[in-house]
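Enquirer: Dropping a prediction and its sequence here:
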Amino acid sequence: MGGQSDKILKIKAIALFSGGLDSILAAKVIQDLGIEVEGITFETPFFSAEKAEAAAKAIGLSLTVINITDAHLRMLQAPRYGYGKNMNPCIDCHTLMLKTAGARMEETGADFVFTGEVLGQRPMSQTKQSLHVVAKNSGYGDTILRPLSARLLPESRPEREGKVDRTRLLAIQGRGRKIQIDMARNYGITDYSPPAGGCLLTDVNFSKRLRDLFNCQSDYTIRDIELLKHGRHFRIHGNGKIIVGRNQADNAAIDELIQDGDTVLHMGDKPGPTVLVPYAHHKTEEPEPILLHTAARLCALYAGISSDHEAGIICTSGGTIRTMSVKPLAKEAAADLLI
């Protein structure tokens, strides 16, 4: 009889778990209440689950990784609440994550969802109004708990229902970290990542490239987004794109992403960059001569060929290999084409 009662009374919660200190502490606070916690984290081409996986392993938290790429890309094209400083749609992104977490809550029979958000820590997405909007638009409203700032926020459903003791939750606010650092010390947590970073959409250069991709190529693929992470990117005559590796790591990454239909250029007789012209070759069609010529000249430029010398460039396109002899593009001309 007692076993059946324990089963009925057992409370379970879903944690949005980024692997940062706040999400770790939120999980600890809820676990201290005797509540079973399942962490969930998300991955897209713009952020990975690696930090969350490492942190969950360190504290012994069960973690589920959910890929939300398709829904995230649809949202990213036209976020309801717009972008932050770069291409980061923080409010819409958090809404999507909470919506996904709510679905996981229903799927597993959990009682509520909670996050490590701290009131006032981030000016765009963690104001009292933003936290309310995100929760409401996710469809799960006050089923969502923010244990680190709960006593500064309206009472949530799990608190009203007696599943969570509000007096044991916290009232942290602002950008300071002293309380969290003290809590981490008390929990014996010494290894945690800094609060910022992790999302490429907050990076100014990546955001420029992504905006250019959205504007110039409606039929982009995940491969095209992955390519944005590597090399220098040049836009030629509206639709033409050239990618030039900056170092050996870039060259290797670009090589891994080459597909049928691409044109690839290398130096013929000395080390140099991998140069990729995506989708330049389609079936029997030849790449545009000006696009190919510019790609070859960029290859010569970034291989360090002096402006008054010609370089031999090997061009592979659609199974055809040819050698081109070109002078390097002027640095000023390359700068004008750089995304």
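Expert: Here it is on my side, so go on.

Enquirer: Show the low-confidence segments of the stretch 51-200 of the chain, by residue range.
Expert: 123-125, 195-197 (pLDDT under 70).

Enquirer: Please, where are all the strands along it?
Expert: Taking DSSP state E, counting those that start in this stretch as the criterion, the stretch 51-200 of the chain carries its strands at 62-67, 112-114, 144-145.

Enquirer: want to throw those into TSV with distance to Ala330?
Expert: Backbone N, C-alpha and C define where each C-beta goes, glycine included. Below are the strands of the stretch 51-200 of the chain laid out as TSV (distance: least, CB to CB, whole Å):
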stretch	distance to Ala330
strand 62-67	43
strand 112-114	56
strand 144-145	56
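
Enquirer: for this structure, which helix is longest?
Expert: Assignment by DSSP state H gives helix 90-108 as the longest helix of the chain.

Enquirer: ok, back up a step: the strands of the stretch 51-200 of the chain: which one's closest to Ala26?
Expert: Across the strands of the stretch 51-200 of the chain, Ala26 has its closest neighbour in strand 112-114 (6.0 Å, CB to CB).

Enquirer: Buried residues in the closest one, which are they?
Expert: Phe112, Val113, Phe114 (16 or more other CB atoms under 10 Å).

Enquirer: Could you do stretch 253-273 as well?
Expert: Residues of stretch 253-273 classed as buried under the neighbour-count rule (16+ other CB under 10 Å) are 253-254, 257-258, 261-268, 272-273.

Enquirer: re earlier: quick check: angle from the longest helix of the chain to strand 62-67?
Expert: 120 degrees (axes from the mean of the first three to the mean of the last three CA atoms, to 10 degrees).

Enquirer: Tell me which stretches of this protein form helices.
Expert: In the chain, helices defined by DSSP H lie at 2-9, 21-32, 50-59, 69-77, 90-108, 128-138, 157-160, 178-187, 204-216, 222-227, 248-256, 289-302, 331-337, listed in chain order.

Enquirer: Give me the below-cutoff pLDDT ranges for the stretch 201-339 of the chain.
Expert: Ranges of the stretch 201-339 of the chain meeting pLDDT under 70: 281-287.

Enquirer: let's see 80
Expert: Counting by pLDDT under 80, the low-confidence segments of the stretch 201-339 of the chain come to 237-239, 281-287.

Enquirer: my read: Arg232 touches Lys241, true?
Expert: No - with contact defined as CB atoms under 8 Å, Arg232 does not reach Lys241; the gap is 11.3 Å.

Enquirer: of these two, who's got more company?
Expert: Neighbour comparison, Arg232 and Lys241: the larger count goes to Lys241, with 24 against 18 (by other CB atoms under 10 Å).

Enquirer: I'd like the distance between that one and Gln126.
Expert: Distance from Lys241 to Gln126, counting by CB to CB, to the nearest Å: 37 Å.

Enquirer: what does His94 give?
Expert: The gap separating His94 from Gln126 is 9 Å, by CB to CB.
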